[in-house]
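Peer 1: fold the following for me, if possible:
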Amino acid sequence: MHINYIFEKIVSKICVIGSTYFMRAKASLDSISLGKHSVFHGVMKFVRESDTTIIVGNNCQFRSYHTSNLIGINRPCIVSTILPRSKIIIGDNCGFSGTVIGCFDTIEIGNNVKCGANTLITDSDWHLDDPRAEVPKTVKICDNVWLGEGSKVLKGVTIGENSVIGAGSVVTKSIPANVIAAGNPCKVIKQLPN
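Peer 2: Numbers count the residues shown, from 1 in each chain. As a prediction, the model looks like this:
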């Protein structure tokens, strides 16, 4: 093996250990429920407003360092609750790469969900003071869903288990289980075997 490759791997491992230790301590201070064995590649941002809930399951990975996912990450992961009583619940064995999760009401993410680089999940239009904005609506992403790079999941959407959302898709309506869906707006393009 090339010496530079070995050196890079050692430095990367040290950085992961450091950022994981730091993020675990910060999550504890911010009253965020963080499951066992979650790993942080770089420092991300948790924002938990008072009277809100953020729960992260076991064995989750958060990739925020720009080269921690070789497809390229253009921002750190950000997980935030905005309004009182809003809640984010993330299951076990999930992976996030530069993913932003912005919650005004409820966002539920099941187990074994993969969020590709630079994905966005939100349950609101964000500008609640604008009369054109609608009220926040719950987002639910079921088990074993894969969100492709750059995809966006918007308010009121449920994505059924085992479904794959193509890169760059904008999901504005619910997607059934066991399908491949893609586009803007995102539509089912192929049924997957159960």
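
Peer 1: from now on I want contacts and neighbour counts done on CA atoms only, so please keep to that.
Peer 2: Will do.

Peer 1: where does the prediction get shaky in this structure?
Peer 2: Within the chain, the stretches with pLDDT under 70 are 1-2, 4-14.

Peer 1: tell me where it has helices.
Peer 2: In the chain, the segments counted as helices under DSSP state H are 3-29.

Peer 1: report how many residues lie close to Ala82.
Peer 2: Rather than Ala, residue 82 is Ile. When neighbours are defined as other Cα atoms under 10 Å, Ile82 has 18 of them.

Peer 1: swap in Leu70?
Peer 2: Neighbours of Leu70 using other Cα under 10 Å come to 8.

Peer 1: tally of neighbours for Ala177?
Peer 2: 20.

Peer 1: surely Asp30 touches Arg48?
Peer 2: Yes: using Cα atoms under 8 Å, Asp30 is in contact with Arg48, at 7.0 Å.

Peer 1: these two: who's more crowded?
Peer 2: Arg48 (23 against 15).

Peer 1: for Thr172, what are its contacts?
Peer 2: Val153, Leu154, Lys155, Gly156, Val157, Pro185, Cys186 (Cα atoms under 8 Å, 6 or more residues apart in numbering).

Peer 1: nearest to Arg75, of those?
Peer 2: Val153 (17.3 Å; Cα to Cα).

Peer 1: so the closest one touches Asn118, yeah?
Peer 2: No: applying Cα under 8 Å as the test, Val153 and Asn118 come out as separate, 11.8 Å apart.

Peer 1: to what extent is the closest residue to Gln191 other than its chain neighbours buried, counted in neighbours?
Peer 2: Leaving out its chain neighbours, the residue that sits closest to Gln191 by Cα to Cα, 6 or more residues apart in numbering is Val179, at 4.5 Å. By the measure other Cα under 10 Å, the count of residues near Val179 is 23.

Peer 1: I'd like the distance between Val179 and Lys190.
Peer 2: Distance, Val179 to Lys190, by Cα to Cα, to the nearest Å: 6 Å.

Peer 1: for Val145, what are its contacts?
Peer 2: Asn112, Val113, Lys114, Ile159, Gly160, Glu161, Asn162, Ser163, Val164, Ile165.
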